[in-house]
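In: A predicted structure for the sequence below; I have some questions about it.
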Amino acid sequence: MDEKLIEGAQLISLKMVREQVPEYENATKAVKDVKDAVEMFESVFALSLMAEEAMCMITLSTANRPTGFWIISVGSLNESLVHPREVYKRALLSNSCNIILAHNHPSGDPELSVSDRKLLARLLEAGKVMGVKLLDFIAVGSEGEFVSAQKRGLMGS
């Protein structure tokens, strides 16, 4: 081997550390539908109460049991910066084959915006390449209102 190629390389190991256990009694139950997912997001992150837009994720096992709860991004009043790389990095680190994303709309209106739909398209495309399925993309408004991209038929084939 060329020693110059090896000279600057580093030996790297990667370890995950559990920061805390969510205070949610059903954190290990399988996610069967969007209501289960919204309940988890609300219990763990209290999305509907946040003043800034935040994108959160639940990573799931093959049996759709949570393997991790993640805050991907916290932004401003009406947007948060989300890149597919940050989403799928966490899914791969938690050895997950499925994910569900949810974000809040501090305005209270849960309708998916044009930028939400563009991000959803990018995430779906990246998920196909990575082999991690995005099961749903949820927008949470006020008073328990939410919009599910899956229920709206926006998740593709």
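Out: Received, thanks.

In: okay, now residue 132: neighbour count?
Out: When neighbours are defined as other CB atoms under 10 Å, residue 132 has 21 of them. (Glycine included, C-beta is placed from N, CA and C.)

In: Once you drop chain neighbours, what's closest to it?
Out: Leaving aside its sequence neighbours, residue 132 sits nearest to residue 91 (CB to CB, 6 or more residues apart in numbering; 4.6 Å).

In: how close does residue 53 get to residue 65?
Out: 28 Å (CB to CB, to the nearest Å).

In: Residue 125 now?
Out: Distance from residue 125 to residue 65, by CB to CB: 26 Å.

In: Next secondary structure after the lengthiest helix in the chain?
Out: In the chain, with assignment by DSSP state H, the single longest helix is helix 114-130. Using DSSP states H and E, the helix or strand that follows helix 114-130 towards the C-terminus is strand 133-140.

In: Run through who's touching that following strand.
Out: 31, 34, 37-38, 41-42, 47-48, 60, 64, 97-105, 110-112, 116, 120, 123-124, 127, 146-150, 154-155 (CB atoms under 8 Å, 6 or more residues apart in numbering).
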